[in-house]
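S.K.: Below is the sequence, then the predicted model.
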Amino acid sequence: MKIAGIVAEYNPFHMGHKYHIEKTRELLGECSVVCVMSGDFVQRGEPALFSKYARAEAACKCGADLVVELPLPWALASAEGFARGAVGLLSDIGAEYISFGSETGDTEAIGCAADVLGSEGYIETVKKILNKEPEMSFAAAREKAMRSIAGSGCAEIIIGANDSLAAEYLKAIRMLDLNIRPLAVKREGNGHDRFGKEGFLSASEIRKRFFGGEDILRFIPDGAAEVFSREINAGRVINKELFETAALARMRAFDEEYFLSLPDSKDGLGNRFFRESRTCAALDGLYDAVKTKKYAMSRIRRVSMCALLGIEAGMSGGRPPYARVLAANENGCMVLRKVSDEKKLPLITKPAEINKYDNKLQELFAAGVYAHDVFALCYAEKGERTGGKEWRISPKIVKLE
């Protein structure tokens, strides 16, 4: 059976995600759908609404066959590192396709953009633009370089959040020489970080509505809604005020050298974080104080999460050396048995298994353990904030209906 890979955050899993899985099967025919998903902290630089275990279970109740975690350093990396880690993991699990949401649905145009992104000429052009205009953001320099090399059509691809990330997936696939074919699924409904009433609501809008006090379950597919309803009733949902206090308290404990050791903290960003974290009373206030035209807000948020969670520069180099299994159904278990038989990479289903691997793998796993402890400490329900759960949780096996 074919294996289709999806890279996701499912924060939270919603109708558009279910549509994506269903459309992938419609386009490819019978296949297993394997998802590489960010854990408790996501690439936009914030904690997820629900734990990684709940989100993985929700995905498997709504069409995914297997969900594995993208280890924390890659989940909090720039788009390039995030994409490299995700496609590397998909390849090691045996994915033959990568299916991604797309503003344009134009696989050929996205591939063209990927070719430019991976070229030496493009990299040099970006450097020249930033040297000439040092206050320009990297995103703006990136678009300007793409426009000068390949024209406005190619530049439009990297403006769309989904197409831009898709181009990074294809670039990583080519750089790593992986045998994975792309499949663009045209996005339906509201775009990434966009709000409105037409079509599927975006995850950003659903989160905004949740924190505004709305019932979000009407925007969630039935199987996922059951999972999230259980989590909400148990108080296992992130409390933003608790998280903010924990994050600021942690950051005030660090010296300037620590901030300079963080990923993407160069060009004065680490210094600004050190200074402003001492006085700011809220995370949004800290981000506003740190921000200049030069730094994208997503980069600022990621640096703050890396500071909180102890992720240093270099930890996301290369490809993830293991796969932590979060949830699976019967088809997903068959995929896992095949990966295990082929011995392509360690599959972690029982946390104690980590002790038989090398120090680097144990260090990466320990980062995820600490992240889950921090995440749980910020649950709405006090009784759910105990630590050490990461060592006791096994993958959720979802029965096929």
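M.R.: Perfect, thanks for sending it.

S.K.: Grab the CA positions of stretch 50-68 and hand them over as PDB.
M.R.: What follows is stretch 50-68, C-alpha atoms only, in PDB (Å, rounded to 0.1, in the frame of the first residue of the first chain):
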ATOM      1  CA  PHE A  50      -4.000  20.800  23.500                       C
ATOM      2  CA  SER A  51      -1.300  18.300  24.200                       C
ATOM      3  CA  LYS A  52       0.500  16.400  21.400                       C
ATOM      4  CA  TYR A  53      -1.200  13.200  22.600                       C
ATOM      5  CA  ALA A  54      -4.700  14.600  22.300                       C
ATOM      6  CA  ARG A  55      -4.000  16.200  18.900                       C
ATOM      7  CA  ALA A  56      -2.500  12.900  17.600                       C
ATOM      8  CA  GLU A  57      -5.500  10.900  18.900                       C
ATOM      9  CA  ALA A  58      -7.900  13.400  17.300                       C
ATOM     10  CA  ALA A  59      -6.100  13.100  13.900                       C
ATOM     11  CA  CYS A  60      -6.300   9.300  14.000                       C
ATOM     12  CA  LYS A  61     -10.000   9.400  14.800                       C
ATOM     13  CA  CYS A  62     -10.500  11.500  11.700                       C
ATOM     14  CA  GLY A  63      -8.600   9.700   9.000                       C
ATOM     15  CA  ALA A  64      -4.800   9.600   9.800                       C
ATOM     16  CA  ASP A  65      -3.300   6.200  10.200                       C
ATOM     17  CA  LEU A  66      -0.200   7.100  12.200                       C
ATOM     18  CA  VAL A  67       1.100  10.200  13.900                       C
ATOM     19  CA  VAL A  68       4.700  10.600  15.100                       C
END
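
S.K.: mind listing the strands for the chain?
M.R.: Counting by DSSP state E, the chain has strands at residues 2-8, 31-38, 41-42, 46-47, 66-70, 97-102, 181-186, 323-328, 347-348, 396-397.

S.K.: Could you give the average pLDDT over the fifth one?
M.R.: Averaged across strand 66-70, the pLDDT comes to 98.

S.K.: now the third one
M.R.: Strand 41-42 carries an average pLDDT of 98.

S.K.: For the strands of the chain, give me a markdown table that also has distance to K356.
M.R.: The C-beta positions use only the backbone N, C-alpha and C, and glycine is treated the same way. Formatted as a markdown table, the strands of the chain follow (distance: least, Cβ to Cβ, whole Å):
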| stretch | distance to K356 |
| --- | --- |
| strand 2-8 | 27 |
| strand 31-38 | 23 |
| strand 41-42 | 27 |
| strand 46-47 | 30 |
| strand 66-70 | 19 |
| strand 97-102 | 31 |
| strand 181-186 | 35 |
| strand 323-328 | 15 |
| strand 347-348 | 11 |
| strand 396-397 | 23 |
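
S.K.: Could you report the neighbour count for R252?
M.R.: When neighbours are counted by other Cβ atoms under 10 Å, R252 registers 12.

S.K.: circling back: determine which stretch of the strands of the chain is the most buried.
M.R.: With neighbours taken as mean count of other Cβ atoms under 10 Å, the strands of the chain reach their highest mean count in strand 66-70, at a mean of 29.

S.K.: Mind jotting down where the helices sit in the stretch 1-150 of the chain?
M.R.: Taking DSSP state H, counting those that start in this stretch as the test, the helices found in the stretch 1-150 of the chain are 15-28, 52-60, 72-75, 79-93, 107-117, 120-132, 138-150.

S.K.: neighbouring contacts of the second one?
M.R.: Helix 52-60 is touched from outside by 8-13, 17, 35, 37-40, 48, 50, 66-67, 69, 220, 223-224, 227-228, 230-231, 236, 326-329, 332, 372, 393, 396, 398, with contacts defined as Cβ atoms under 8 Å, 6 or more residues apart in numbering.

S.K.: try 7 Å this time
M.R.: With contact meaning Cβ atoms under 7 Å, 6 or more residues apart in numbering, helix 52-60 is reached by 10-13, 35, 37, 39-40, 48, 67, 69, 223-224, 227-228, 231, 326-329, 393, 396, 398.

S.K.: Can you pull out the residues in contact with stretch 328-335?
M.R.: 3, 32, 34, 60, 65-66, 93-94, 336, 395, 397-400.

S.K.: Endpoints of stretch 382-400, how far apart?
M.R.: 34 Å (Cα to Cα, to the nearest Å).

S.K.: Any idea how far it is from the middle of the chain?
M.R.: 20 Å (Cα atoms, centre = their mean, to the nearest Å).

S.K.: Would you mind pulling the contact partners of it?
M.R.: Contacts of stretch 382-400 (Cβ under 7 Å, 6+ apart): 53, 56-57, 60-61, 234-236, 325-330, 349-351, 368-369, 372-373, 376-377, 379.

S.K.: can we see that at 8 Å?
M.R.: Against stretch 382-400 from outside (Cβ under 8 Å, 6+ apart): 53, 56-57, 60-61, 234-236, 325-331, 333, 349-352, 368-369, 372-373, 376-379.

S.K.: burial count for P346?
M.R.: P346 has 19 nearby residues by other Cβ under 10 Å.

S.K.: Need the nearest residue in space to it, chain neighbours excluded.
M.R.: Computed as Cβ to Cβ, 6 or more residues apart in numbering, the closest residue to P346 that is not its neighbour in sequence is Y322, at 4.3 Å.

S.K.: any idea of the pLDDT on the one you found?
M.R.: Y322 carries a pLDDT value of 95.

S.K.: Might one say that it is in contact with Q362?
M.R.: No: distance between Y322 and Q362: 9.9 Å, which falls outside the contact criterion (Cβ atoms under 8 Å).
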